[in-house]
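[1] structure, please.
(one chain, ligands or ions: 1)
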Amino acid sequence: MRGSYYWLVPKDQRHNNWILYTDSLESGVVLRPRYAGMECPRCRKLDETTAIKLKGIDPDVRIRAKTDYLITDDGFICVSRRAYEVIVDNEIGGWNVVPLPGDDRYMLALPERELVTDMQKVGMKFHVKCLQCSRYRETCGFPLLQSMQLPESPKIVCCSEVWLENIRGRRFWFLVHEEIVKIFKTHRLTGLEYMKAP
Ligand SMILES: [Zn+2]
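    Numbering: from 1, shown residues only. Model (predicted):
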């Protein structure tokens, strides 16, 4: 595919937002009971997409934000209803959009599929692999363009099969062709920046 690719970079949010966890002054950050038993006994991470697929989302999950695009503190990308309409109207693929049962203003944007990625060319740093579930405690950097088998169509949002991780879990970062950037900018979607992918 000719043209440049860009990472969708969520801007910092004023409020904390969680999907799989709750956060309170009394108890701190706690996994919601709905997902109990899904954590790795060793590193305490759980497969985020499987958790959503199998167990759904609690009805009291609400997003405190005003932007069209944001990342929750547990790493999920949410898009506003307006952003969702832009995606649908412009026939942009690659996202499996999951409604929040208790908040019709926002939806989760999960990857429809993950791009085959060559670990030899990925250019990332990986820290401490869990002996039980093989996930890394943390990763550094982003997969290089040359490491991924990018789709033929410019209108598909991309996500590598190499996961970005922090100590809490996976961070869902997405890569798009400049054609999608053009569409998002035309509609002035808020809450994100575009970082040219090396
Ligand atoms: Zn583990």
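
[2] can you pull the residues of this protein lying near the ion?
    40, 42-43, 130, 132-133 (C-beta under 5 Å from the ion). The C-beta positions use only the backbone N, C-alpha and C, and glycine is treated the same way.

[3] at 6 Å what do you get?
    The chain comes close to the ion at residues 40, 42-43, 45, 130, 132-133, 135, as judged by C-beta under 6 Å from the ion.

[4] can you select the buried ones from those in ChimeraX?
    Buried subset of the residues of the chain next to the ion, written as a ChimeraX selection, criterion 16 or more other C-beta atoms under 10 Å:
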select :43,45,135
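
[5] would JSON lines of the residues of the chain next to the ion with pLDDT and secondary structure be doable?
    What follows is the residues of the chain next to the ion, written out as JSON lines (pLDDT from 0 to 100; DSSP: H, G, I helix; E, B strand; the rest coil):
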{"residue": "40", "pLDDT": "97", "secondary structure": "coil"}
{"residue": "42", "pLDDT": "96", "secondary structure": "coil"}
{"residue": "43", "pLDDT": "96", "secondary structure": "coil"}
{"residue": "45", "pLDDT": "97", "secondary structure": "coil"}
{"residue": "130", "pLDDT": "97", "secondary structure": "coil"}
{"residue": "132", "pLDDT": "97", "secondary structure": "coil"}
{"residue": "133", "pLDDT": "96", "secondary structure": "coil"}
{"residue": "135", "pLDDT": "97", "secondary structure": "coil"}
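
[6] any idea which of the residues of the chain next to the ion is closest to residue 52?
    Residue 52 has its nearest neighbour among the residues of the chain next to the ion in residue 45, at 14.4 Å by C-beta to C-beta.

[7] and the helices in the chain, which stretches?
    For the chain, the helices defined by DSSP state H occupy 48-55, 81-89, 178-186.

[8] can I get those helices in TSV with distance to residue 25, mean pLDDT and mean neighbour count?
    Below are these laid out as TSV (distance: least, C-beta to C-beta, whole Å; pLDDT from 0 to 100; neighbours: other C-beta atoms under 10 Å):
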stretch	distance to residue 25	mean pLDDT	mean neighbour count
helix 48-55	25	97	16
helix 81-89	31	98	16
helix 178-186	37	98	17
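
[9] which of those sits closest to residue 110?
    Closest to residue 110 of the helices of the chain is helix 48-55 (C-beta to C-beta; 5.6 Å).

[10] center of the chain, which residue is that?
    Centroid-nearest residue in the chain, with C-alpha atoms, centre = their mean: residue 172, separated by 2.1 Å.
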